[in-house]
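**Q** need coordinates for the following:
(chains A and B, ligands or ions: 2)
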Amino acid sequence: MSRPMTGAQIVIKALKDQGVDTIFGYPGGAVLPIYDEIFQQSDIRHILVRHEQGAVHAAEGYARSTGRPGVVLVTSGPGATNAITGMTDALMDSVPLVVLSGQVPTFMIGNDAFQEADTVGITRPCTKHNWLVRDTADLADIIHQAFHVATQGRPGPVLVDIPKDVQFATARYRAKTEARTGHYQPRRKGDPEAILAAVEALEQAERPLFYTGGGVINSGPEASALLRRFVDGTGFPITSTLMGLGAYPASGRSWIGMLGMHGTYEANWAMHDCDLMLAIGARFDDRITGRIDAFSPQSLKVQVDIDPSSINKNIHVDVPIVGDVATVLGEMVALWEERGRRTKSEAVAKWWETITKWQARNCLAYRPSETSIKPQYALERLEALTKGADRYITTEVGQHQMWAAQFLGFEEPNRWMTSGGLGTMGYGLPASIGVQIAHPEALVINVAGEASWLMNMQEMGTAVQYRLPVKQFILNNERLGMVRQWQELLHGERYSSSWSEALPDFVKLAEAFGCKGIRCENPADLDDAIREMLDYPGPVIFDCLVEKHENCFPMIPSGKAHNEMLLGEDATQGVIGKSGAVLV
Amino acid sequence: MNALNIKRGSTSHSAYDLRNRFEERLERHVLAVIVDNESGVLARVIGLFSGRGYNIESLTVAEIDHLGHRSRITIVTTGTPAVIEQIKAQLSRMVPVHDVHDLTVEGPSVERELALIKVAGTGEKRVEALRTADIFRAKVVDTTLESFVFEITGTSEKVDAFCDLMRPLGLVEVARTGVAAIARGV
Ligand SMILES: Cc1ncc(C[n+]2csc(CCOP(=O)(O)OP(=O)(O)O)c2C)c(N)n1
Ligand SMILES: [Mg+2]
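**A** Ligands and ions are numbered 1, 2, ... in the order given. Presented below is the predicted three-dimensional model:
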């Protein structure tokens, strides 16, 4: 049996036991004993952020680009409350995080002590689970259980609140292998009967479609490999949600682009007209379905998801399969292959003809300009100049995010980090830091809007301190572009508070932070400017001044069906009815 | 538990559902939820209901297995069939939840509620209150010259009916436990 250790030592020991190499955090009174332990070891690296929200998003970037849980350490009270947005973001996008927070000593809880907050109360709805540790003897078990819960089943953030006296008191350490992790054990294998029903349906389908989401990526590289084998084997078209980009390669022959509110014309029409929908690790979010009662009216729907509450929440599913994507896909592909790899290939070929006609609409076309940089053009050039690089992309939230999803191609999973479910402005810069920490040699670019970027710009200090060569590619339209677009379409062009005034000079700002600033406003200079950014060995803030009133198309207006989507040219005011205007 | 068998078009939960909501019939279900008896577990369950806009008609909770640290929460809720299935799925995926039983669909079950009912009055009303209590097999658990406290056990409807009859007879206060329920047989 091991000898007694302090709670703070147990925390560090448990993290090492779990294979943690990096913590993103910010110190304060209630976590000083843990910081003292961090100081006295060298296996775990602590990254000092500039704001706790930044720590959580950085941990998200780390987690999503590696598939391993991200770890955050914050102090009590304001440290914990600053972490709330990040945890909510991780909950919505199923990102595994373990957040450790300090708490006032147990004997002061409830007394409105200095920097006391009811952290487990506040974070209950924004974590998958949380714990308040009252006894040092439980600490090791709880930390091991926290990692178990964060990573098993549908991943998500968990929080462990550790009062300061619990960090000082001593107890025996329990290793990962002997820890009691509780009964939480989500099911991974699919129901064989449902899998058979799905395979029979796909053998009979005439207009089949794969609709995949972030669950494929969360399930791990094996899931993406199986998906590719399945899609290429069947020859069925595939679309994906924002969160699922990269699971199937953008250059793959069956790829028809992202679907949803700003998805491609062909993907949304295919969703509407298909007769078999294979939903894999995707949850029928309202950005995807548009108007629910007109959603893909003729299709038989198969859904594979590890979370039973994601099935039949918004859309009725005919063949539900609860299980891990990789496990279920493995069983499904094996069964389909064993049964002779049958499909209705003639009908599917006709279906492809229809899709090819939709593709010919060239829905992402935009009017080029010689005088101003179109944001789409900027992304096309960025794509062309970084293609083939070991590249990771993060984004902020807004028009630039949707254009990035439309114009950048993702060939591998875990290469695309964006805030989907919560739509958190301020996500991209700290996320890019977390990605770069995990992949020191890679090219990490945050495609940003100027307004979002300002929300966590203090993290540029973190990038400079740790010499992280992250590239901040800001599509600066001097507007809260996405808000402005909705005001144009919905609110009679009354642009209420949707422009960015008194913007900083981003080049000078870069200098002030001690990194490199580049500004570009002329399309003719763009390639050279991007190359300069890529060649510079340190962090760069790239101020790309783009067309100010460009709109992001295609767009399914709120309250409309997939087959009512707007392409650029027919967009006019008043297309969104009263009932649509109440929706977000 | 079958959380997945819902009729086509059960979609009343989405921001994009523009259909008339009244088409969907509300059902009353009694759920028995077996949870770890740890601090905050009730707050989690209640937070799930309030956060997602589900109804709670009644809720009771008590430890049922001291050594195993288990509690049983009995929840009476109403919702469309789709919402009821969502509630069960959402409860089932919570970390401290071991089991969710929908007693309304899992075969016959018995439901009981206990109430303490204070009735004040004198003369003929007092006699009538006592007579009614007798018919309902309510027990007198406290008495003064001007009041009774009755204890009644039964289905919620029976307790409702008893309260209705006591109102004109001087009902002053009611304390109800909410429904406890259990499946029949083994
Ligand atoms: C924290 C937060 N606040 C508000 C919003 C609402 N919102 C969505 S997009 C957007 C504008 C973003 O502007 P910018 O970052 O410049 O991107 P652009 O749309 O111009 O590309 C706003 C305010 C949000 N998503 N997140
Ligand atoms: Mg902008």
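
**Q** mind listing what the residue in the stretch 1-150 of chain A that ligand 1 sits nearest to touches?
**A** Of all residues in the stretch 1-150 of chain A, A:Thr85 sits closest to ligand 1, at 7.3 Å by CB to the nearest ligand atom. Where you see a C-beta, it was placed from the backbone N, CA and C, and this is true even at glycine. Applying CB atoms under 8 Å, 6 or more residues apart in numbering or on different chains to A:Thr85 gives the contacts A:Gln53, A:Val56, A:Leu422, A:Thr424, A:Gly426.

**Q** now it: how far from A:Lys128?
**A** 16 Å (CB to CB, to the nearest Å).

**Q** repeat for A:Arg228
**A** Counting by CB to CB, the gap from A:Arg228 to A:Lys128 is 29 Å.

**Q** neighbours of whatever residue of chain A ends up closest to ligand 2, just the number please.
**A** Per CB to the ion, A:Gly449 is where chain A lies closest to ligand 2, at 3.7 Å. Residues near A:Gly449, counting by other CB atoms under 10 Å in any protein chain shown, number 29.

**Q** any idea of the pLDDT on it?
**A** Looking at A:Gly449, its pLDDT reads 98.

**Q** beta partners for it?
**A** Counting by DSSP bridges, A:Gly449 forms beta bridges with A:Leu475.

**Q** in this structure it contacts A:Glu478, no?
**A** No: counting by CB atoms under 8 Å, A:Gly449 does not reach A:Glu478; the two are 10.1 Å apart.

**Q** what touches both of the two?
**A** Going by CB under 8 Å, 6+ apart, no residue sits against A:Gly449 while also sitting against A:Glu478.

**Q** list the strands paired with the longest strand that chain B contains, with their directions.
**A** In chain B, taking DSSP state E as the definition, the longest strand is strand B:109-120. Applying DSSP bridges, strand B:109-120 is found paired with strand B:147-154 (antiparallel), strand B:171-176 (antiparallel), strand B:180-183 (antiparallel).

**Q** contacting residues around the last one?
**A** The list of residues contacting strand B:180-183 from outside it, by CB under 8 Å, 6+ apart, reads B:30, B:32, B:60, B:74, B:101, B:103, B:106-113.

**Q** quick one: contacts for the closest residue in space to A:Glu380 that isn't next to it in sequence?
**A** Closest residue in space to A:Glu380, ignoring its immediate chain neighbours: A:Phe407 at 5.6 Å, by CB to CB, 6 or more residues apart in numbering or on different chains. Going by CB under 8 Å, 6+ apart, A:Phe407 touches A:Leu364, A:Gln376, A:Leu379, A:Glu380, A:Glu383.

**Q** I'd say A:Val152 and A:Tyr184 touch.
**A** Actually, residue A:152 is Gln rather than Val. Yes: applying CB under 8 Å, one finds A:Gln152 in contact with A:Tyr184, separated by 6.7 Å.

**Q** please state the backbone phi and psi of the residue of the stretch 251-400 of chain A found nearest chain B?
**A** Nearest residue of the stretch 251-400 of chain A to chain B: A:Ser309, at 3.8 Å (CB to the nearest CB). Per-residue torsions, A:Ser309: phi -80, psi -10 (degrees, to the nearest 10).

**Q** per-residue confidence for A:Ile292?
**A** Per the predicted model, pLDDT is 88 at A:Ile292.

**Q** farthest out from the centre of chain B, which residue is that? Tell me.
**A** Largest separation from the mean C-alpha position in chain B: B:Gly123, at 35.5 Å (CA atoms, centre = their mean).

**Q** what residues does the stretch 401-550 of chain A put near ligand 1?
**A** With CB under 6 Å from any ligand atom as the criterion, the stretch 401-550 of chain A meets ligand 1 at residues A:423-425, A:449-452, A:475, A:477, A:479-483.

**Q** show me where the stretch 351-500 of chain A has strands.
**A** A:391-395, A:416-417, A:443-449, A:471-476 (DSSP state E, counting those that start in this stretch).

**Q** closest to A:Arg494 out of the ones you listed?
**A** strand A:443-449 (20.9 Å; CB to CB).

**Q** low pLDDT regions in chain A?
**A** A:1, A:569-581, A:584 (pLDDT under 70).

**Q** find the centremost residue of it, please.
**A** Nearest to chain A centroid, counting by CA atoms, centre = their mean: A:Thr418, 4.1 Å.

**Q** surely it is in contact with A:Met402?
**A** No: at 9.7 Å, A:Thr418 and A:Met402 do not qualify as touching, with contact defined as CB under 8 Å.

**Q** how many residues are close by A:Asp486?
**A** That one is not Asp; residue A:486 is Trp. Using other CB under 10 Å, A:Trp486 has 19 other residues around it.

**Q** I meant A:Leu566, not that one.
**A** 19.

**Q** and what of A:Phe284?
**A** 28.

**Q** let me see the contact set for it.
**A** A:Phe284 neighbours (CB under 8 Å, 6+ apart): A:Gln303, A:Ser310, A:Lys313, A:Asn314, A:Ile315.

**Q** could you tell me which of these are located in strands?
**A** A:Gln303.

**Q** most surrounded residue in the contacts of A:Phe284?
**A** Busiest of those [other CB under 10 Å] is A:Gln303, holding 27 neighbours.

**Q** all helices of the stretch 51-200 of chain A, in order?
**A** Residue ranges of the helices in the stretch 51-200 of chain A, as given by DSSP state H, counting those that start in this stretch, are A:52-66, A:78-82, A:84-92, A:119-123, A:136-151, A:164-168, A:192-204.

**Q** wait, which of those helices is closest to B:Arg167?
**A** helix A:119-123 (39.4 Å).

**Q** how about that closest one: buried residues?
**A** A:Thr119, A:Val120, A:Ile122, A:Thr123 (16 or more other CB atoms under 10 Å in any protein chain shown).

**Q** what's the answer for stretch B:41-59, then?
**A** Applying 16+ other CB under 10 Å to stretch B:41-59 flags B:Val41, B:Arg44, B:Val45, B:Leu48, B:Phe49, B:Tyr54, B:Ser58, B:Leu59 as buried.

**Q** now do the same end-to-end measure for stretch A:520-540.
**A** 13 Å (CA to CA, to the nearest Å).

**Q** actually stretch A:110-121, sorry about that
**A** Length of stretch A:110-121, first residue to last, CA to CA: 12 Å.

**Q** what does stretch A:496-510 give?
**A** 30 Å.

**Q** what comes up buried for that stretch?
**A** By 16+ other CB under 10 Å, the buried positions in stretch A:496-510 come out as A:Ser498, A:Trp499, A:Phe506, A:Leu509, A:Ala510.

**Q** give me the subset of those lying in helices.
**A** Among these, the ones falling in helices (DSSP state H) are A:Phe506, A:Leu509, A:Ala510.

**Q** quick one: the last one and A:Ile541 touch, right?
**A** It stands for A:Ala510. Yes: contact between A:Ala510 and A:Ile541 holds when scored by CB under 8 Å: they sit 4.1 Å apart.

**Q** tally of neighbours for the residue of the stretch 251-400 of chain A closest to chain B?
**A** 20.

**Q** and it, what does it touch?
**A** Applying CB under 8 Å, 6+ apart, the residues near A:Ser309 are B:Ala3, B:Gln86, B:Ala89, B:Gln90, B:Ser92, B:Arg93.
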